[in-house]
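*Asks:* dropping a prediction and its sequence here:
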Amino acid sequence: MTEVVVALDVGGTSIKCALVDRAGKVLLTRRVPTGRDRGPDAVVETILSTAAELTAVDGYTPRAVGLVVPGVINSADGIAVYASNLGWRDVPFRRLAEAELGLPTALGHDVRAGGLAEARLGGGRGSRQLLFVAIGTGIAGAHFIDGAAMPGAHGSACELGHVVVRPDGPLCGCGQRGCVESVASAVTFERRYAEAAGRDLDAAAIIAAIDDDPVAARIWTETVDVLADGLLVGMAMLDPDTIVLGGGLAEAGERLLEPLRDRLTARATFHTVPRLVNAELGDTAGCVGAALLGLERLDEVAEPGDRVR
């Protein structure tokens, strides 16, 4: 029987699930609806019941659980403090999961977990100072030193999406104006194009139209400029040797990376422009990162002679 970690990456729409071996290889995947319209208690129950189902899959021996969620978390105590899009507060996930499943359980932040996977197994392999930035529905970052996350004193470090780069810009969900996220997230990119062009396209279609559609070209240029300004702040504060970009807009590949490199090089004064690369693990990064956290939790509670090697 193959030993695995049960990994769950909770999003506002769906929960990505996987069984992951000790080497970080994804052996089985599933996706279930989050069901947030049923309320936070129902979402918590869905998470626990889904994890229980995964522990019972034939042919595998579960050794730990890794769960990653959005919002503010207390990873040390295993508590999901707050998630605006899921409506919960102070959910003691570690205690609940360990009581119900009988397995060591780690709770982590979804973006930091994806970054952890990229730092150790993906695009950031070999980096000593890594900045991971996810450009999706929102924009969030995570900082890693030698593969270890630096979450900050209160678990909210590297929120590059909420760095103000356009003080007269649109209102952001955080309450400020002109944050990177309010102008350059994938959702905002699509909305700004729809408002300017009078038609709805997804981000991939807009990017594909850049060469022939002046509106698409303008919105893309503005988006890349804002992302460059946000990353420049990250470079000034953290001096990373590598920046890994993930999320929906990063799927544009060199269509995004090339102009970003150009703009960062043009803006740099004292800064050293880092290596800028795409994430490699795609949709599974959050689950792989959750599994890595689960293995760390297993090691934490194991007797010295039984620790993960």
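*Replies:* Here it is on my side, so go on. Keep in mind the model is a prediction, meaning the values are calculated, not measured.

*Asks:* can you give me the strands for the stretch 1-150 of the chain?
*Replies:* Using DSSP state E, counting those that start in this stretch, the strands of the stretch 1-150 of the chain run over residues 2-10, 14-20, 26-33, 60-69, 72-74, 79-83, 88-91, 105-109, 129-135, 139-145, 148-149.

*Asks:* mind checking those strands for the one nearest to residue 160?
*Replies:* strand 139-145 (4.1 Å; C-beta to C-beta). Quick note: C-beta positions are derived from backbone N, CA and C, even for glycine.

*Asks:* would you mark the buried spots in that closest one?
*Replies:* Within strand 139-145, the residues that count as buried by 16 or more other C-beta atoms under 10 Å are 139-144.

*Asks:* check stretch 229-240 too.
*Replies:* 229-232, 234-235, 238, 240.

*Asks:* one step back: now the strands of the stretch 1-150 of the chain as a markdown table including distance to residue 256?
*Replies:* Formatted as a markdown table, the strands of the stretch 1-150 of the chain follow (distance: least, C-beta to C-beta, whole Å):
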| stretch | distance to residue 256 |
| --- | --- |
| strand 2-10 | 23 |
| strand 14-20 | 23 |
| strand 26-33 | 26 |
| strand 60-69 | 25 |
| strand 72-74 | 29 |
| strand 79-83 | 28 |
| strand 88-91 | 33 |
| strand 105-109 | 24 |
| strand 129-135 | 8 |
| strand 139-145 | 13 |
| strand 148-149 | 24 |
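
*Asks:* which of the ones you listed sits closest to residue 278?
*Replies:* Between the strands of the stretch 1-150 of the chain, strand 129-135 lies closest to residue 278; by C-beta to C-beta that is 11.0 Å.

*Asks:* now do that closest one against strand 139-145, angle only.
*Replies:* Comparing the axes of strand 129-135 and strand 139-145 via axes from the mean of the first three to the mean of the last three C-alpha atoms, to 10 degrees yields an angle of 160 degrees.

*Asks:* what lines up beside strand 129-135 in the sheet?
*Replies:* Here strand 129-135 is paired, per DSSP bridges, with strand 139-145 (antiparallel), strand 242-246 (parallel).

*Asks:* which neighbouring elements make contact with the next helix or strand after the shortest one?
*Replies:* Downstream of strand 242-246, the next assigned helix or strand under DSSP states H and E is helix 254-267. Packed against helix 254-267, as judged by 3 or more C-beta pairs under 8 Å, 6 or more residues apart in numbering; DSSP states H and E, are the following elements: helix 214-238, strand 242-246, strand 275-278.

*Asks:* can you put the ones you listed in a markdown table and add distance to residue 299?
*Replies:* What follows is the helices and strands packed on helix 254-267, written out as a markdown table (distance: least, C-beta to C-beta, whole Å):
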| stretch | distance to residue 299 |
| --- | --- |
| helix 214-238 | 28 |
| strand 242-246 | 25 |
| strand 275-278 | 29 |
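
*Asks:* rebuild the ones you listed as JSON lines, extending it with mean pLDDT.
*Replies:* What follows is the helices and strands packed on helix 254-267, written out as JSON lines (pLDDT from 0 to 100):
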{"stretch": "helix 214-238", "mean pLDDT": "97"}
{"stretch": "strand 242-246", "mean pLDDT": "96"}
{"stretch": "strand 275-278", "mean pLDDT": "95"}
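
*Asks:* any idea which of these is most buried?
*Replies:* Mean neighbours per residue, mean count of other C-beta atoms under 10 Å, is largest over the helices and strands packed on helix 254-267 for strand 242-246, with a mean of 26.
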